[in-house]
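Enquirer: Next come a sequence and a model predicted from it.
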Amino acid sequence: MITRSPSDCSSKAPSVSHDYMLETSDEYPNGDVTHIRHVSKSLSDTDARSIGWTMVGYGHSTHKTRKVFNRSCLGVYQCPMCNYTERPQVPDRRSKHALPKPTETACTMHRSALEHVPCLATLMVIHDKEAGTVHLMHKGLHNHAIPHPIRGNIDGKKQLEAQVKTAPEVHPKQLLIGSMTRESASNIHAAYANLDRLSYERKKILKGTSIGTTLSAITAFKEQEGITMISSSSISNQDGHISFQTNFMKEQAAMAKTCMKSDSVHGFV
Ligand SMILES: [Zn+2]
Ligand SMILES: [Zn+2]
């Protein structure tokens, strides 16, 4: 008779405790795990395959509809005396367990040179475009701090996209600050705390929205003529609408004599 103890289960995450031991997630896979992503066709290849750790790609192959990419972690640069970190840069020579480019940055507080914390974790990314899936097959533990994020994760991108499409007139600085009804972009994802990154992402979202160009043309016209035309707008996918109302239209609607007012009062408009 074969008996199995719970520790035989191969899907069980290793239970090594460490200061930087991070629970595995889609953005930061950790341990011997596989995460499966369902990706839409509209998502770029880079976004579909991206994760939070800094990794070097050292090989790829194609099998029918699947593309396979091999990556290994570059660890992180950290001050020996505090939590100040720097995101490592991908080296020119790409190989498994390659070391990142050296850094000359010093800790802003201690002025000490940053030390490289190496990492042996590897990742195999299998992107099947036909099936719309990305398998993240991860091995090893990242016993180092999270490098500063430079791009938002998939959920973060979706949230930002909804914000930008709903209010395309809101500028990056306002997105960053947030409002009573709009969450600050930096709360959506830490990568959006960087204004340059946020501006870049916003531009990309608006570019991909055909109505966005129409809207910017109208906005430019409005500014040129100094008139108010758009009374409200929303170009999100589900409930898109734009309401146009010039001052002249407003005045007409407000005039007691016009049939429009009496019709609107009686529920005909
Ligand atoms: Zn320091
Ligand atoms: Zn690592």
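Expert: Structure received. Numbering: from 1, shown residues only. Ligands and ions are numbered 1, 2, ... in the order given.
Enquirer: mind giving me the domain ranges of this structure?
Expert: 17-148, 149-208, 219-269 (automatic domain parsing).
Enquirer: now these as CSV including mean pLDDT, distance to ligand 1 and mean neighbour count?
Expert: Where you see a C-beta, it was placed from the backbone N, CA and C, and this is true even at glycine. Output for the domains of the chain, formatted as CSV (pLDDT from 0 to 100; distance: least, Cβ to the ion, whole Å; neighbours: other Cβ atoms under 10 Å):
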stretch, mean pLDDT, distance to ligand 1, mean neighbour count
domain 17-148, 93, 3, 16
domain 149-208, 92, 20, 17
domain 219-269, 59, 44, 11
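Enquirer: Distance to ligand 2 added to those domains, as TSV?
Expert: Below are the domains of the chain laid out as TSV (distance: least, Cβ to the ion, whole Å):
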stretch	distance to ligand 2
domain 17-148	3
domain 149-208	14
domain 219-269	37
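Enquirer: close enough to count as contact, G59 and N70?
Expert: Yes: the pair G59 / N70 is scored as a contact, 4.5 Å apart, by Cβ atoms under 8 Å.
Enquirer: overlap in contacts of these two?
Expert: Taking Cβ atoms under 8 Å, 6 or more residues apart in numbering as the criterion, G59 and N70 both touch K96.
Enquirer: secondary structure element for H116?
Expert: According to DSSP states H and E, H116 maps onto strand 115-117.
Enquirer: Within the sheet, what are the partner strands of that strand, with directions?
Expert: Here strand 115-117 is paired, per DSSP bridges, with strand 76-78 (antiparallel).
Enquirer: Need the residues that contact the strand it pairs with.
Expert: In contact with strand 76-78 (Cβ under 8 Å, 6+ apart) are residues 54, 84-88, 100, 103, 105, 114-117, 119, 144-147.
Enquirer: Please list all residues in contact with T105.
Expert: Y77, E86, L114.
Enquirer: beta partners of the second one?
Expert: Listed by DSSP bridges, the beta-bridge partners for E86 are Y77.
Enquirer: Just give the nearest non-adjacent residue to the residue most central in space within the chain, would you?
Expert: Taking Cα atoms, centre = their mean, the centroid of the chain lies closest to G152, which sits 2.3 Å from it. Distance criterion Cβ to Cβ, 6 or more residues apart in numbering; nearest residue to G152, sequence neighbours excluded, is H189 at 4.0 Å.
Enquirer: Correct me if wrong: that neighbour contacts I154.
Expert: No: judged on Cβ under 8 Å, H189 makes no contact with I154 at a distance of 10.1 Å.
Enquirer: Within the helices and strands, which one has E23?
Expert: Assigned by DSSP H and E, E23 falls outside every helix and strand.
Enquirer: Quick check: it vs W53, distance?
Expert: 14 Å (Cβ to Cβ, to the nearest Å).
Enquirer: ok, now S112?
Expert: 24 Å.
Enquirer: got a pLDDT number for K12?
Expert: As predicted, K12 sits at a pLDDT of 35.
Enquirer: how close does S112 get to I146?
Expert: Counting by Cβ to Cβ, the gap from S112 to I146 is 21 Å.
Enquirer: Kindly report the same for A131.
Expert: 30 Å.
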